[in-house]
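>>> the sequence and its predicted three-dimensional model are supplied below.
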Amino acid sequence: MPLLDVKALAKTYYEVGAPLPVLQDLELTVEAGEMVGIVGDSGAGKSTLLYILGALERPSGGEVWFDGKPVFHPAPSDPALAEFRNREVGFVFQFHGLIPEFDTLENAMMPAMIAGLSRREAGERARQILTDVGLAERLHHKPGELSGGEQQRVAFARSLVMRPRLILADEPTGNLDTATGEKIWDLMFEVNKQRGTTFIVVTHNERLAARLPRLRRLANGRLENPE
Ligand SMILES: Nc1ncnc2c1ncn2[C@@H]1O[C@H](COP(=O)(O)OP(=O)(O)OP(=O)(O)O)[C@@H](O)[C@H]1O
Ligand SMILES: [Mg+2]
């Protein structure tokens with residue numbers, strides 16, 4: 001059974017003026033432990049797709065199955081979706097949404113605190129992961145006192161703290177220099193290898209995308225195999 005099975009997915013935005021169809025009839029199957037890259041032009045719908053896969057947005061049509069269970073049907077309550085987001089999925093987005101008043105450790109602990117783990121357990125998990133990503137010496141810096149690459153690593157650590165089976169990464173290294181970006185990619189490959197975590201990674205960086213075993217291109221609302 002695949003970890004993720006997306007069938008005839010559609011998303012149309014109705015907010016402004018005429019309806020804007022972004023995703024249509026999109027199909028995607030991802031096995032547990034896979035790493036899948038998604039490329040595509042700006043505005044193609046890559047972020048929209050990740051938002052739906054992470055249950056941050058609801059689709060207009062089609063189905064998303066996670067581990068054999070439908071994510072959106074029958075219409076789930078908001079708490080059920082929030083629990084899915086908290087337990088099953090880790091998010092690494094370019095504008096990473098770290099909380100400015102919290103330090104590195106507190107930011108990385110957040111998902112575990114939300115999930116109701118004890119402060120001690122959350123702290124231990126976060127400290128371990130932050131050490132793994134090389135931030136043991138920055139536990140009490142606020143985001144504003146960290147470099148861009150360090151902030152990305154905090155966001156990555158935060159995405160791992162609940163040990164999710166699926167990590168959705170949207171341009172995880174988009175605003176970083178090559179060497180720092182490459183380090184974060186190395187970390188993703190390491191987590192994939194060690195824990196079997198499944199990754200779906202959106203990137204504009206063709207060279208980094210070429211490191212991924214499987215690459216799809218989002219165009220005309222669907223996923224195609226890139227030429
Ligand atoms: N909340 C929204 N309401 C209306 N239209 C939206 C909304 N969010 C995104 N769109 C539109 O949907 C299309 C797809 O947006 P999306 O952010 O998914 O693109 P993308 O592939 O991630 O692009 P980029 O590579 O620039 O990040 C865009 O044309 C965008 O303007
Ligand atoms: Mg985007």
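Perfect, I can see it now. Ligands and ions are numbered 1, 2, ... in the order given.
>>> up against ligand 1, what does this structure have?
The chain comes close to ligand 1 at residues 13, 15-16, 20, 22, 40, 42-48, as judged by C-beta under 6 Å from any ligand atom. Where C-beta positions appear, they are placed from N, C-alpha and C, glycine not excepted.
>>> format those as CSV; extra columns: secondary structure.
Below are these laid out as CSV (DSSP: H, G, I helix; E, B strand; the rest coil):
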residue, secondary structure
Y13, strand
E15, coil
V16, coil
L20, strand
V22, strand
G40, coil
S42, coil
G43, coil
A44, coil
G45, coil
K46, helix
S47, helix
T48, helix
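>>> could you dump those to JSON lines with pLDDT and neighbour count?
Putting those into JSON lines (pLDDT from 0 to 100; neighbours: other C-beta atoms under 10 Å) gives the following:
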{"residue": "Y13", "pLDDT": "94", "neighbour count": "15"}
{"residue": "E15", "pLDDT": "80", "neighbour count": "6"}
{"residue": "V16", "pLDDT": "79", "neighbour count": "7"}
{"residue": "L20", "pLDDT": "94", "neighbour count": "12"}
{"residue": "V22", "pLDDT": "97", "neighbour count": "21"}
{"residue": "G40", "pLDDT": "93", "neighbour count": "19"}
{"residue": "S42", "pLDDT": "93", "neighbour count": "6"}
{"residue": "G43", "pLDDT": "94", "neighbour count": "9"}
{"residue": "A44", "pLDDT": "96", "neighbour count": "20"}
{"residue": "G45", "pLDDT": "96", "neighbour count": "26"}
{"residue": "K46", "pLDDT": "96", "neighbour count": "24"}
{"residue": "S47", "pLDDT": "94", "neighbour count": "19"}
{"residue": "T48", "pLDDT": "96", "neighbour count": "20"}
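>>> quick one: the residue nearest the centre of the chain from ligand 1, how far?
The centroid of the chain falls nearest to L168 when counting by C-alpha atoms, centre = their mean (1.9 Å). For L168, the distance to ligand 1 (C-beta to the nearest ligand atom, to the nearest Å) stands at 12 Å.
>>> count the residues that sit near K69.
As a burial measure, K69 scores 9 neighbours (other C-beta atoms under 10 Å).
>>> and it, how close does it get to ligand 1?
With C-beta to the nearest ligand atom as the criterion, K69 and ligand 1 are 25 Å apart.
>>> what's that residue sitting at in phi/psi?
Dihedral angles of K69 (phi, psi; degrees, to the nearest 10) stand at phi -120, psi 140.
>>> state the distance from it to M1.
Here the distance between K69 and M1 works out to 10 Å (C-beta to C-beta, to the nearest Å).
>>> am I right that the residue nearest to the centre of the chain is in contact with R85?
No - the criterion here is C-beta atoms under 8 Å, and L168 misses it with R85 at 10.1 Å.
>>> overlap in contacts of those two?
54, 91 (C-beta atoms under 8 Å, 6 or more residues apart in numbering).
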